[in-house]
Structure formats: structure tokens, C-alpha cells
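Trainee: Show me how the following folds:
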Amino acid sequence: METNGAVRPCEVLVVGAYFADLVFHGLPRPVQPGGEVFADGFALVPGGAYTLAMGMHRLGHRVLWSADFGTDVFSGEVLSCAGREGLDDAAFRHHPFPVRSVTVAMSFAGDRAMVSYQDPVDPESLVPLLRRHRPRVLMLPQLRWDDEMVAVARAARQLGTRVVMDCHDTPVTLDDPAVRRVLALVDVFTPNAAEALRLTGVTDLDDAIAELARLVPTLVVKRGADGATAVRDDKRHDVPAVPVEAIDTTGAGDCFNTGLVHGFLEGWSLPDCLTAAVICGAAATTGPGSDAALRADDLAHRLGRPSGAQQPPY
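Mentor: A predicted model of the protein is given here:
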């Protein structure tokens with residue numbers, strides 16, 4: 001992870017598994033047991049934490065991505081794509097056995113269904129990685145509430161690293177004290193609306209937002225066609241959705257997060273960060289998987305502002 005004994009500079013450290021997304025889009029209806037549906041389009045696109053790393057890199061940031069790869073064809077495909085994108089491979093771990101991470105995504109009008117598989121791999125300890133690279137932001141693609149995550153969050157706080165954590169359909173609730181403990185330690189939590197409802201166990205989204213906002217310093221809730229909501233210091237901000245002709249929503253939530261973190265790193269206000277997030281998330285739906293992730297110049301054009309930092313860094 002080091003070159004000539006020197007630690008590589010890093011604005012953003014992304015930690016999470018790759019996925020090879022097999023995306024079937026343009027389905028006329030959901031797939032039912034015992035039935036067959038033909039898609040209008042198909043793509044094999046890198047996904048999972050790749051989308052976060054690639055998205056932040058496209059937006060002009062120095063990114064390290066900690067991920068595991070093996071001897072399988074899916075690892076090889078994602079590694080090839082990472083190379084073409086110019087991603088730094090300093091934090092990759094290569095194993096002499098298959099490390100398959102695969103998702104089949106089936107996109108139809110207004111929704112999608114997914115089936116995933118992962119080969120187990122012993123995870124790398126994150127605290128030494130954090131201390132070695134001292135990133136400004138640590139991005140985690142899913143909710144973790146184990147003891148190591150507590151240690152990671154505390155180490156990040158000592159280093160001045162902001163922790164941005166997504167939820168990713170994790171089947172837990174706030175009834176677990178360990179979940180509450182971790183959420184209180186992260187800086188930004190970014191569930192979608194369904195995840196926020198499940199975590200809190202309530203039926204009204206506004207109630208779920210209020211409950212989560214009492215736990216998390218900055219809460220950002222992705223609301224799909226209803227845009228997004230952010231709460232910080234008891235102030236709520238709502239941003240409407242951007243109308244687009246969606247092809248596939250796979251990776252849209254991750255691209256949303258890249259726009260959000262880009263705004264943080266540029267020193268923008270929370271409402272402006274939220275607007276950038278909604279734009280990036282919406283743009284991602286116009287292609288299969290993460291293919292349509294925006295670059296910095298395109299985002300700046302859509303925002304009507306220059307791409308350089310205008311305010312003190314987040």
C-alpha cells in the first residue's frame with residue numbers, strides 16, 4: 001500500500017467489496033417464479049464500492065479503495081475497469097483463490113429486483129489503514145455496528161476524518177443498542193427512505209427522519225422520486241428530484257453519495273451538497289449500473305457553478 005516508503009496522498013478512502021453487476025434493463029414486468037421475461041438491454045458493469053471509488057475519482061478527488069480481488073473472471077473484469085478509469089490500486093488486496101462478488105439486477109418500470117452472491121474473505125483491519133493514509137473522508141457502503149466499526153469511528157475522529165456511512169438494506173433496527181452506538185459515532189448517515197423506515201420501525205417517513213436525526217450528526221435520506229432530505233443541527237433541508245428518463249437505478253444511491261461527499265470536500269453548504277447529490281444520483285439512472293456517473297465538469301455545468309472549492313473545506 002506504499003510506494004518507495006511514502007504513503008500515497010488520499011482525500012477519500014473507500015472501503016467495501018466490488019460487485020460485478022449483471023444488469024437486465026427494460027423489463028416489461030417483474031420476473032415471477034416459473035416465468036421468463038426478456039429484457040430490452042443488458043450490461044456487465046462494475047458495482048458495489050467500485051461505484052463510490054470511481055465516482056469520487058471522476059469528480060476529481062484523490063481516492064484509495066480498499067477491496068479484495070481473486071483469480072475469478074469477475075475480479076478480473078472489475079480490475080480491468082478500475083485500470084481504465086485510472087483508479088489507484090495501492091489498497092487492493094489480491095488473493096490466490098476466487099473472490100466472486102456478483103449481483104443480478106433486473107430493472108423494470110419504476111423499480112428493480114436484485115440477487116447477489118459473495119465469496120467470504122477475511123476483512124482487513126481498518127484502523128491501521130486509516131492511520132496510514134489519514135483521509136479527509138472515509139466512505140462505507142453499508143451499515144456496520146460491530147466492535148471494530150466503533151474502533152474505526154473513534155480513530156477517524158482522532159484523525160479528523162469524516163465518516164460517511166450508507167445503510168445498504170442491512171436487516172437491523174434501532175432496537176439493537178449496538179446500532180445506536182455506531183450511528184452516534186459516524187458523521188454522515190445516508191439511508192434511503194425504505195431503510196430509514198425499517199431501521200426505526202415507524203410507518204411515517206417524517207417520523208423516521210426525526211428519530212434518526214436525533215442520533216446522527218448529519219442525516220441524509222434518499223427519497224427517490226421525492227428527492228432527498230438532510231438534517232443537521234435540527235435544521236431540515238429538502239431538495240426535489242431531478243426529472244430524467246431512467247434506464248436503471250442500480251448504483252444511483254452510490255452516485256448520490258459521491259455528489260454529496262464532493263460537495264463536502266468543496267466546502268459547500270449542506271443544501272448545495274444535497275443538490276449535487278440528487279443530480280449525481282439522477283444522472284446515474286440514465287445508463288446501466290454506474291456507467292453514467294458524472295465527471296466534475298459535467299456536475300459543475302449542471303449546478304451552474306465553477307468546480308473549485310468556494311468555501312472552507314468540510
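Trainee: I'd guess Ala113 is in a helix, am I close?
Mentor: No. Assigned with DSSP: H, G, I helix; E, B strand; the rest coil, Ala113 falls outside any helix and is strand.
Trainee: Tell me how many other residues surround it.
Mentor: 13 (other CB atoms under 10 Å). To be clear about C-beta, it is placed using only N, CA and C from the backbone, and glycine gets the same treatment.
Trainee: what's the nearest residue to it if we skip its chain neighbours?
Mentor: Met106 (4.8 Å; CB to CB, 6 or more residues apart in numbering).
Trainee: how about the helices in the chain?
Mentor: 49-58, 73-85, 126-133, 147-159, 177-185, 193-200, 205-213, 252-266, 270-284, 296-303 (DSSP state H).
Trainee: how far out from the middle of the chain is the fifth one?
Mentor: Centroid separation between helix 177-185 and its chain, computed with CA atoms, centre = their mean, to the nearest Å, is 19 Å.
Trainee: Taking helix 205-213 as reference, get the angle to that helix.
Mentor: Counting by axes from the mean of the first three to the mean of the last three CA atoms, to 10 degrees, helix 177-185 lies at 80 degrees to helix 205-213.
Trainee: Give me the helices and strands touching helix 177-185, please.
Mentor: helix 147-159 (3 or more CB pairs under 8 Å, 6 or more residues apart in numbering; DSSP states H and E).
Trainee: Not counting its own residues, what contacts the helix it packs on?
Mentor: For helix 147-159, the external contacting residues (CB atoms under 8 Å, 6 or more residues apart in numbering) are 125-127, 130-131, 134, 138, 162-163, 181-182, 185-186.
Trainee: Look up phi and psi at the spatially closest residue to Ala49 that is not a sequence neighbour.
Mentor: Once flanking residues are discounted, Ala49 sits nearest to Gly16: 3.0 Å by CB to CB, 6+ apart. Main-chain dihedrals, Gly16, degrees, to the nearest 10: phi 160, psi 160.
Trainee: List the beta-bridge partners for Val63.
Mentor: Beta-bridge partners for Val63, by DSSP bridges, are Val12.
Trainee: For the residue nearest to Phe24 when sequence neighbours are not counted, give me its contacts.
Mentor: Nearest residue to Phe24 in three dimensions, chain neighbours excluded: Ala39, at 3.9 Å (CB to CB, 6+ apart). Taking CB under 8 Å, 6+ apart as the criterion, Ala39 is in contact with 24-27, 106.
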